[in-house]
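Chemist: Attaching a predicted model along with its sequence, questions to come.
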Amino acid sequence: MSIYEQTRDIEGWLMPGETQLLYDLARDFGDVILEVGTFRGRSATVLTSGAARRRGVRLSKAQFFSIDINPAARLLAYELLRRRGLASRALFFHGTLPEFRAKFPITPTLAFIDGDHTYEGVLADLAELSTLLAPNTPVVFHDYMNPDTPGVSKAVDEWCQNGFANVVQTIDASAQVLTTTRCSGKRRHYPDRAFRAARGELMLPLKHRIAARMPWLVPIVRTLKGRSRTE
């Protein structure tokens with residue numbers, strides 16, 4: 001069964017070709033994955049599934065970071081990955097990309113950008129990526145080909161025209177690019193001990209904090225847990 005068939009029941013907008021692309025890239029380059037835009041965790045499931053089959057690397061060494069400004073996205077996506085046995089190497093962060101960078105000095109080996117779809121919002125993300133990503137890093141921009149979100153392609157095209165990346169291919173609604181030497185990020189190792197400590201601090205008490213602030217989420221999570229017991 002393809003990775004698209006395995007994840008098509010999760011709410012989201014990934015099409016077959018771009019789903020397979022994310023999976024393959026995570027399998028080949030998924031040491032440290034950065035996702036901007038969590039939503040319900042569909043792309044997170046695809047990416048961590050690919051990283052779980054990282055060639056020559058144990059899953060226990062993969063690091064997956066996902067960022068979203070919606071605090072509810074963290075709980076829903078984390079529960080989804082937990083049910084599929086993929087949550088142990090995933091860290092979900094509530095906030096913006098600059099806020100994330102202030103706390104986590106990582107150098108992604110792969111990035112998936114599906115956050116703010118406005119021209120100004122994508123430009124802001126690209127400004128951060130220009131100093132975060134090292135050269136020769138694959139990046140996938142979702143909704144690049146979507147006519148309803150012209151700001152994405154406009155901003156990405158300008159970034160590439162300014163020499164920060166080259167377009168590798170477009171597939172379904174996405175564009176894959178490869179960063180150039182104009183991106184000034186430096187390859188550095190984020191210690192696994194630091195990753196596990198940060199994940200424990202952010203994720204383990206998460207359900208208690210969110211349940212107190214957003215009690216309407218509790219029955220949704222209970223429903224998800226009920227499904228997992230019957231599957």
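Modeler: Sure thing, it's come through. Since the model is a prediction, treat every value here as computed from it, not as a measurement.
Chemist: Helices of the chain, residue ranges please.
Modeler: 3-7, 16-29, 42-51, 71-83, 97-103, 119-132, 150-161, 192-203, 206-213, 218-230 (DSSP state H).
Chemist: got those helices as JSON lines, with mean pLDDT and distance to Ala62 columns?
Modeler: To be clear about C-beta, it is placed using only N, CA and C from the backbone, and glycine gets the same treatment. Listed next are the helices of the chain as JSON lines, based on pLDDT from 0 to 100; distance: least, C-beta to C-beta, whole Å:
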{"stretch": "helix 3-7", "mean pLDDT": "97", "distance to Ala62": "16"}
{"stretch": "helix 16-29", "mean pLDDT": "97", "distance to Ala62": "8"}
{"stretch": "helix 42-51", "mean pLDDT": "96", "distance to Ala62": "4"}
{"stretch": "helix 71-83", "mean pLDDT": "91", "distance to Ala62": "12"}
{"stretch": "helix 97-103", "mean pLDDT": "96", "distance to Ala62": "18"}
{"stretch": "helix 119-132", "mean pLDDT": "98", "distance to Ala62": "19"}
{"stretch": "helix 150-161", "mean pLDDT": "98", "distance to Ala62": "26"}
{"stretch": "helix 192-203", "mean pLDDT": "83", "distance to Ala62": "10"}
{"stretch": "helix 206-213", "mean pLDDT": "57", "distance to Ala62": "20"}
{"stretch": "helix 218-230", "mean pLDDT": "65", "distance to Ala62": "22"}
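Chemist: got a markdown table for those, with distance to Gln63 and mean neighbour count too?
Modeler: Listed next are those as a markdown table, based on distance: least, C-beta to C-beta, whole Å; neighbours: other C-beta atoms under 10 Å:
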| stretch | distance to Gln63 | mean neighbour count |
| --- | --- | --- |
| helix 3-7 | 20 | 16 |
| helix 16-29 | 12 | 21 |
| helix 42-51 | 9 | 26 |
| helix 71-83 | 14 | 20 |
| helix 97-103 | 13 | 15 |
| helix 119-132 | 15 | 18 |
| helix 150-161 | 25 | 18 |
| helix 192-203 | 5 | 14 |
| helix 206-213 | 18 | 14 |
| helix 218-230 | 25 | 11 |
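Chemist: Could you dump the ones you listed into CSV with distance to Val139 added?
Modeler: Below are the helices of the chain laid out as CSV (distance: least, C-beta to C-beta, whole Å):
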stretch, distance to Val139
helix 3-7, 20
helix 16-29, 9
helix 42-51, 13
helix 71-83, 20
helix 97-103, 13
helix 119-132, 7
helix 150-161, 9
helix 192-203, 21
helix 206-213, 28
helix 218-230, 31
